[in-house]
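Student: Here is my input; please provide its structure:
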Amino acid sequence: MVVLYIHCWSNFDTEGDMDSISEQIIEALGIMLLGMGLVFVFLTVLILGIKLVAYKFAPQPIEHKAPAEKSDTASAQGVDPLMVAVITSAIHQYRAKA
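Tutor: Next comes the predicted model:
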């Protein structure tokens with residue numbers, strides 16, 4: 001805070017006039033870029049840190065044995081013809097109402 005106070009007073013020359021507007025704009029742009037750069041660096045380090053912690057301390061996936069293939073006749077035949085007829089009838093009734 002003291003540095004900012006001293007810096008603000010250093011913009012006044014001996015007569016009390018401030019620097020030209022172009023110098024003030026250039027200084028403001030420099031401060032803005034410095035602030036944006038620091039925020040970018042901070043967020044980048046934060047994201048990398050979170051990813052590192054997540055990678056290091058995340059629980060390892062448990063390998064499950066593949067289930068044995070089912071030899072049911074229903075899965076080998078496909079869709080039940082009765083179910084196809086029911087769905088077709090429902091679609092027909094829905095379209096007839098619309």
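
Student: Where does pLDDT dip in this structure?
Tutor: 1-18, 68-77 (pLDDT under 70).

Student: repeat that with 50
Tutor: Within the chain, the stretches with pLDDT under 50 are 1-2, 5.

Student: Please tell me how far the lengthiest helix in the chain is from the chain's geometric centre.
Tutor: Counting by DSSP state H, the longest helix found in the chain is helix 21-57. Taking C-alpha atoms, centre = their mean, to the nearest Å, one finds helix 21-57 lying 17 Å from the centre of the chain it belongs to.

Student: Please apply the same query to stretch 50-66.
Tutor: Relative to the centre of its chain, stretch 50-66 is centred 20 Å away, using C-alpha atoms, centre = their mean.

Student: Give me the distance between the two termini of it.
Tutor: 33 Å (C-alpha to C-alpha, to the nearest Å).

Student: Next: stretch 58-66.
Tutor: One end of stretch 58-66 sits 24 Å from the other (C-alpha to C-alpha).

Student: Residues contacting it, please?
Tutor: Under the contact criterion C-beta atoms under 8 Å, 6 or more residues apart in numbering, stretch 58-66 has no outside partners. All C-beta spots, glycine's among them, are computed from the backbone N, C-alpha and C.

Student: Spatially central residue in this protein, please.
Tutor: Ile47 (10.5 Å; C-alpha atoms, centre = their mean).

Student: Alpha carbons only: can I get the helix or strand His92 falls within in PDB?
Tutor: Assigned by DSSP states H and E, His92 belongs to helix 81-97. Coordinates of each C-alpha in helix 81-97 appear next as PDB, following Å, rounded to 0.1, in the frame of the first residue of the first chain:
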ATOM      1  CA  PRO A  81     -42.100 -60.300 -32.600                       C
ATOM      2  CA  LEU A  82     -44.900 -59.700 -30.100                       C
ATOM      3  CA  MET A  83     -43.000 -56.700 -28.800                       C
ATOM      4  CA  VAL A  84     -42.500 -55.300 -32.300                       C
ATOM      5  CA  ALA A  85     -46.300 -55.600 -32.900                       C
ATOM      6  CA  VAL A  86     -47.100 -53.800 -29.600                       C
ATOM      7  CA  ILE A  87     -44.700 -50.900 -30.400                       C
ATOM      8  CA  THR A  88     -45.900 -50.600 -33.900                       C
ATOM      9  CA  SER A  89     -49.500 -50.500 -32.700                       C
ATOM     10  CA  ALA A  90     -48.600 -47.800 -30.100                       C
ATOM     11  CA  ILE A  91     -46.900 -45.700 -32.800                       C
ATOM     12  CA  HIS A  92     -49.900 -46.000 -35.100                       C
ATOM     13  CA  GLN A  93     -52.300 -44.900 -32.400                       C
ATOM     14  CA  TYR A  94     -50.100 -42.000 -31.400                       C
ATOM     15  CA  ARG A  95     -49.900 -40.700 -35.000                       C
ATOM     16  CA  ALA A  96     -53.700 -41.200 -35.500                       C
ATOM     17  CA  LYS A  97     -54.400 -38.900 -32.500                       C
END
